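**Student:** return atomic coordinates for the entry below.
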Amino acid sequence: MKRSEPEQAEAHLDYEIVIGIEVHVQLKTASKMFCSCPNKFGSKPNTHICPVCSGLLGTLPIINRKAVDFAILLGLSTNCRLAKVCEFARKHYMYPDLPKNFQITQDDKPICLGGNIEIDLEDGTKKQIWLERIHMEEDAGKNIHFAGGETLVDLNRAGTPLLEIVSKPNISSSAEARSYLTRLRSIVQYIGISDANMEEGSFRADINISVRKKGETELGTRTELKNVNSFRYIVQAIEYEALRQINIIEQGEKVVQATLLWNSKEHKTVFMRSKEEAHDYRYFPEPDLPILIIDDTWIERIREKIPELPEQKFRRFQDEFGLSAYEANILTAQRSLAEYFEKAATLCKAPKVAANWILRDLLAYMNESKVGFKELKITPEMLAEFVVLLEKGVINSKVAQDVFLEMTKTGEYPSIIVQEKGLEQIDSKDKLEFVAREIIEANPEQVAAYRGGKDRLFAFFVGQSMKATKGRANPKVLQEILKKLLNTQ
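**Tutor:** Residues are numbered from 1 along each chain as shown. Coordinates of the predicted model:
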């Protein structure tokens, strides 16, 4: 018998969700993991391949040292224990995008063990998400499916250096999963090892989900959601899949271990294949690659390259610039955004005002226009000058909106826009009183109604006066003059 929605919600309260996440991060190296082919996204299919990455017999891989450097850097940035001795292994499976029928990865001797990432919870507290391991591996190629049923393979991605970050199953909700992935992505971008672009596939998450009755210690049967490519879909997929599993258990049936995909159009999980176990892959040490010995000198050389990380910058922005936790959290989520804000705030010496314009107007414009910081015409220096003009009263808040819009279109400095268009704020009491008197004289009926008790008409006089000055009147001075004139019989 099918449960009603209230019954489903009530049943949900008796369960807890257990989530573990495996994240694949494509590294921003010049060449691939085990050959010298260019590591580039978006090129013509099968133009960056060679006998090694296309899996021809008799070829020998060579380890990309830069990829190892990046693995050490991420390990240090997430408080991992670095292995002094690690090795590669072969993971066997047969798919068209992996022509040699095995992937070079790491099995029982990964480069990083343990570690943790601190996240912010919705109630304002913090939680440690513990890591199982971080290991190095190569990416597979890409299958391209066509409407007629034809599938072609592009091997440009084959051999791309990857780091797989495996969390322990101590994530308890979709909100925690999103917070963890957001923080991990920020760390990856801050240390410069990847663009972590989810749309391009350089930051991919596989979500392992199971449910169990509250109070139980044994894990339930898990399903794996593969390659969900946005934080919004990850949240939706976790919530759907958890409820699906709860409903199955409540109906007296068993959850089947499987690999699933998220259908973003129908908002549901769909079966992809039965879930493999580790023994299905027939791991064994990669015979063509040497054991890696990582000494203290190597580790300390990489440690010196660790920049200020998101959590550190988050705290500093609050202390140094007086930002709220909400403001600091958004402004430190991306390194490019944090650097943009910090430069503008330092130059204009009005960090709260700069933060407001960035959070409210700049990010809205960038999202609507789908513009990144590389394409953005408003530089930090321009935004700083804009804030100074506003703070000094050269322009008022209404004119500022027009100036800002013009900056996004032309890339001109705000001072030039203000000068060329004559947008300086009118502060002169004589000029504003002249305008106010004209408005009052032209609207005797509204004046009589206002003086008769209709106070809301005051906004009418302000609006007419601002219109007459093309928005350039100093609002505070104008309102003082209008009150004085209107209240004088």
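
**Student:** what about the residue lying closest to Val166 once chain neighbours are set aside, neighbour count?
**Tutor:** Spatial nearest neighbour of Val166, excluding adjacent residues (C-beta to C-beta, 6 or more residues apart in numbering): Glu132 at 4.4 Å. In short, each C-beta sits where N, CA and C put it, glycine included. Glu132 has 17 neighbours, counted by other C-beta atoms under 10 Å.

**Student:** spell out the secondary structure type for Glu132.
**Tutor:** strand (DSSP: H, G, I helix; E, B strand; the rest coil).

**Student:** do I have it right that it meets Asn208?
**Tutor:** No. Using C-beta atoms under 8 Å, Glu132 is not in contact with Asn208; the gap is 11.3 Å.

**Student:** which neighbours do those two have in common?
**Tutor:** Residues touching both Glu132 and Asn208 by C-beta atoms under 8 Å, 6 or more residues apart in numbering: Gly20.

**Student:** in the stretch 201-350 of the chain, where is pLDDT below threshold?
**Tutor:** Under the criterion pLDDT under 70, the flagged ranges of the stretch 201-350 of the chain are 275-279.

**Student:** got the contact list for the residue nearest to Gly192 when sequence neighbours are not counted?
**Tutor:** Leaving aside its chain neighbours, Gly192 sits nearest to Lys28 (7.1 Å; criterion: C-beta to C-beta, 6+ apart). Residues counted as contacts of Lys28 (C-beta under 8 Å, 6+ apart) are Asn39, Phe70, Gly192, Ile193, Ser194, Asp195.

**Student:** out of those residues, flag the one nearest to Ala83.
**Tutor:** Nearest to Ala83 among the contacts of Lys28: Phe70, at 15.4 Å, using C-beta to C-beta.

**Student:** mind listing the helices for the stretch 251-400 of the chain?
**Tutor:** 296-303, 310-321, 325-331, 335-348, 351-357, 363-369, 380-391, 397-410 (DSSP state H, counting those that start in this stretch).

**Student:** to Gln251, which of those lies closest?
**Tutor:** Of these, nearest to Gln251 by C-beta to C-beta is helix 325-331, at 40.7 Å.

**Student:** report the buried residues of the closest one.
**Tutor:** For helix 325-331, burial by neighbour count (16 or more other C-beta atoms under 10 Å) applies to Glu327, Ala328, Asn329, Ile330, Leu331.

**Student:** any chance you could list what contacts that helix?
**Tutor:** When contacts are defined by C-beta under 8 Å, 6+ apart, helix 325-331 is touched by residues 120, 124, 314-315, 317-318, 323, 337-338, 341, 355, 358-359, 363.

**Student:** what does stretch 370-378 give?
**Tutor:** For stretch 370-378, the external contacting residues (C-beta under 8 Å, 6+ apart) are Ser336, Leu337, Tyr340, Leu362, Tyr365, Met366, Met407, Thr408, Lys409, Thr410, Gly411.

**Student:** please tell me how far the closest residue to the second one other than its chain neighbours sits from Ala384.
**Tutor:** Nearest residue to Leu337 in three dimensions, chain neighbours excluded: Leu331, at 6.0 Å (C-beta to C-beta, 6+ apart). When C-beta to C-beta, to the nearest Å is applied, the distance between Leu331 and Ala384 equals 15 Å.

**Student:** quick one: closest of the helices of the stretch 251-400 of the chain to Gly252.
**Tutor:** Closest approach to Gly252 among the helices of the stretch 251-400 of the chain is made by helix 325-331 (43.7 Å; C-beta to C-beta).

**Student:** and Lys226, that one's in a helix?
**Tutor:** No. According to three-state DSSP, Lys226 belongs to no helix; its state is strand.

**Student:** tell me where the stretch 101-250 of the chain has strands.
**Tutor:** Ranges of strands in the stretch 101-250 of the chain, per DSSP state E, counting those that start in this stretch, are 102-105, 112-113, 116-120, 126-138, 142-145, 151-154, 161-167, 203-213, 223-228.

**Student:** residue ranges of each domain in this structure, please.
**Tutor:** Residue ranges for the domains of the chain, per automatic domain parsing: 5-299, 310-421, 429-486.

**Student:** end-to-end on stretch 137-149?
**Tutor:** 31 Å (C-alpha to C-alpha, to the nearest Å).

**Student:** return the set of buried residues in that stretch.
**Tutor:** Buried residues in stretch 137-149 (16+ other C-beta under 10 Å): Glu137, Glu138, Asp139, Ala140, Gly141, Lys142.

**Student:** now that stretch: how far from the chain's centre is it?
**Tutor:** Mean C-alpha position of stretch 137-149 versus that of the full chain (C-alpha atoms, centre = their mean, to the nearest Å) differs by 25 Å.

**Student:** how about stretch 301-315?
**Tutor:** Taking mean C-alpha positions (C-alpha atoms, centre = their mean), stretch 301-315 and its chain are 18 Å apart.

**Student:** can you give me the end-to-end span of that stretch?
**Tutor:** By C-alpha to C-alpha, the extent of stretch 301-315 from end to end equals 26 Å.

**Student:** center of this structure, which residue is that?
**Tutor:** The residue lying closest to the centre of the chain (C-alpha atoms, centre = their mean) is Thr182, at 5.5 Å.

**Student:** OK, contacts around it?
**Tutor:** Thr182 is in contact with Phe231, Ala333, counting by C-beta under 8 Å, 6+ apart.

**Student:** burial of Asp123, as a residue count?
**Tutor:** When neighbours are counted by other C-beta under 10 Å, Asp123 comes out with 5.

**Student:** and if you look at the one 5 residues further on?
**Tutor:** Per other C-beta under 10 Å, the neighbour tally for Gln128 reads 11.

**Student:** and the pLDDT at it?
**Tutor:** For Gln128, the pLDDT comes out at 96.

**Student:** what residues are up against the residue nearest to it when sequence neighbours are not counted?
**Tutor:** With sequence-adjacent residues excluded and distances taken as C-beta to C-beta, 6+ apart, Gln128 is closest to Asn116, at 4.7 Å. With contact taken as C-beta under 8 Å, 6+ apart, Asn116 is in contact with Thr78, Asn79, Gln128, Ile129, Trp130, Leu131.

**Student:** what's the distance between the fifth one and Ile171?
**Tutor:** By that I understand Trp130. According to C-beta to C-beta, Trp130 stands 10 Å off from Ile171.

**Student:** neighbour-wise, which of these two wins?
**Tutor:** Ile171 (27 against 15).

**Student:** what's the pLDDT at the more buried one?
**Tutor:** We have a pLDDT of 96 for Ile171.

**Student:** so what sits opposite it in the bridge?
**Tutor:** When bridges are called by DSSP bridges, Ile171 pairs up with Ile19.

**Student:** tell me the contacts of it?
**Tutor:** Val18, Ile19, Gly20, Ile21, Ile129, Ala177, Tyr180.

**Student:** now the buried members of the residues you listed.
**Tutor:** Buried subset of the contacts of Ile171 (neighbour count, 16+ other C-beta under 10 Å): Val18, Ile19, Gly20, Ile21, Ile129, Ala177, Tyr180.

**Student:** ok, the residues you listed vs Lys265, which is closest?
**Tutor:** Lys265 lies nearest to Ala177 out of these, by C-beta to C-beta, at 21.7 Å.

**Student:** one step back: and the contacts of Lys28, which are buried?
**Tutor:** For the contacts of Lys28, a burial check counting by 16+ other C-beta under 10 Å picks out Asn39, Phe70, Ile193, Ser194, Asp195.

**Student:** residues near Phe203, how many?
**Tutor:** For Phe203, the tally of surrounding residues (other C-beta under 10 Å) stands at 21.

**Student:** quick check: closest non-adjacent residue to it.
**Tutor:** Spatial nearest neighbour of Phe203, excluding adjacent residues (C-beta to C-beta, 6+ apart): Ala196 at 3.9 Å.
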